[in-house]
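**Student:** structure for the following, please:
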Amino acid sequence: MNHLSAVVSTEFEATGDTSHMVSSGKLSLSDIYGEWIIYRNLEPLPKKLRGMRRAAGKMGIDGNRIPRKHEVDYARASMWFLNEGQKLRRKTGPLKELLFIGDSLFTDGTAFTNLANLSEWRGSCFIGNEKLSEKPSSDIRHEEGFYLANRWSSLASWLSWGLEQGFSMDDSTAVIVDIDKTVLGAKGRNDHVIDQARLDGIYRTMDSVLGDDFDRAAFERQYAELNKSTYHVITADNQDYLAYICLVLNAKLLQLDELVGEVEENRIDNFDQLTRWVNTRLMMKPTGGERFRQVHEAVMMAMHQGDPTPFKRFRQQEFMTTIERMGSVPDSATVEDMLSDEITITREVVDASKWLAERGCILLCMSDKPDEAVFPKRHLEPEFLPVHQIATHCVGYDIHEQLRAL
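**Tutor:** Below is the predicted model of the structure:
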């Protein structure tokens, strides 16, 4: 990666509350990024851009397993999409720069680092996490290429700083924009609504599988404990895995203390091993009813096939609980109510994306969410639109004029 040289920490002016945020009407992701959107299965929406099923070999990755965002194979696929997209735009010059906009230093930051190292493009990554209780600040980590900010409005400062550092931000520049908790449900501002939608999807799934035997209070304790990084050895930070484990615990096939002990003693150190343990326990002690057994068998089959989204029943419910929270409040609602109750589009990310597109950059919007959580089941739910086509309120600070002045 071509890094910058010095280490600098800066502070900038920004509004410390939501009173100056505005709603600029409703937008969908497709209104901003067109079809240049890719979800977890690495199959681009543009039909002319080949995805993993047809081009895994050319990407240099294993076509039998979908890589996760933090893995190097994900970077290989991302670089393929950007280079192929550049060809489709009929741009004669190669890509030379990489800009990345995300919310997580671990997942987005790792994806950026992997891609920058692999491509050898000069790069910078903006990581936003709004913390209105803190004084506005940014931390520029030149050696790693990161610009960390506690205000999404500092996207304008990041782009201004990038120009000062000599970034071209033109048709030789690739831009990746994260979807979840970045352009949708900004981290620290609106991401709690995404989290609540996911939880409600899990609740509905538990109700449908366990019925009256579902213990919500016990689930909340189990979920809160196992959602910690301590248990990533078995959850892999994968919500499918976490939801399935909580289902197993709620069905009383395993006890939480028992599972924690197995993890602490390193007797269970991955999800596949855990599912085999559950399978053995289920043969010894049938419980949970027929629906639970169906879920377990479906998860086992998906794991055998290398599918990173084994708990599809949960993800299908998550799709419904997500779209129910998009564009759901009236236009007359206050900004505070929109941010409280609706998954909103982040105004600052929209302004930055449009400004970069106008300069000729190629933009790719990417998400680690599986198809089941973002697309309706066409044969059962033909009346619903996919997440990227649903209009929802665009809320945030107006940085358009700041960008025009650059």
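**Student:** from now on I want contacts and neighbour counts done on CA atoms only, so please keep to that.
**Tutor:** Will do.
**Student:** which residues touch stretch 124-135?
**Tutor:** Residues outside stretch 124-135 that contact it (CA atoms under 8 Å, 6 or more residues apart in numbering) are 16-17, 98-105, 108-109, 112, 145-152, 155, 158, 162, 182, 186-189.
**Student:** could you rerun that using 7 Å?
**Tutor:** Contacts with stretch 124-135, where a contact means CA atoms under 7 Å, 6 or more residues apart in numbering, come from 16-17, 98-105, 112, 145-152, 187-189.
**Student:** among these, which ones are in helices?
**Tutor:** Among these, DSSP state H puts Phe112 in helices.
**Student:** pLDDT below threshold where in the protein?
**Tutor:** 1-19, 287-288, 379-382 (pLDDT under 70).
**Student:** so what's the most centrally placed residue in the chain closest to, chain neighbours aside?
**Tutor:** The centroid of the chain falls nearest to Asp180 when counting by CA atoms, centre = their mean (3.8 Å). Nearest residue to Asp180 in three dimensions, chain neighbours excluded: Ser367, at 6.5 Å (CA to CA, 6 or more residues apart in numbering).
**Student:** neighbours of that neighbour, just the number please.
**Tutor:** Ser367: 18 surrounding residues under other CA atoms under 10 Å.
**Student:** repeat that for Ala373.
**Tutor:** Using other CA under 10 Å, Ala373 has 25 neighbouring residues.
**Student:** likewise for Asn279?
**Tutor:** 18.
**Student:** likewise for Asp62?
**Tutor:** For Asp62, the count of nearby residues is 12 (other CA under 10 Å).
**Student:** give me the nearest residue to it, chain neighbours excluded.
**Tutor:** With sequence-adjacent residues excluded and distances taken as CA to CA, 6+ apart, Asp62 is closest to Ala56, at 6.4 Å.
**Student:** host element of the one you found?
**Tutor:** Per DSSP states H and E, Ala56 falls inside helix 52-59.
**Student:** quick one, phi psi at Val395?
**Tutor:** When read as degrees, to the nearest 10, the backbone of Val395 gives phi -130, psi 140.
**Student:** could you find the closest non-adjacent residue to it?
**Tutor:** For Val395, ignoring the flanking residues on the chain, the nearest one in space by CA to CA, 6+ apart is Ser23 at 4.4 Å.
**Student:** residues touching the one you found, list them.
**Tutor:** Per CA under 7 Å, 6+ apart, neighbours of Ser23: Val335, His393, Cys394, Val395, Gly396.
**Student:** what about the helices in the stretch 151-300 of the chain?
**Tutor:** Along the stretch 151-300 of the chain, counting by DSSP state H, counting those that start in this stretch, helices occupy 155-164, 191-210, 216-226, 232-235, 239-250, 256-264, 271-284, 289-304.
**Student:** tell me which of those helices sits most buried.
**Tutor:** Neighbour counts (mean count of other CA atoms under 10 Å) averaged over each of the helices of the stretch 151-300 of the chain peak at helix 239-250, with a mean of 22.
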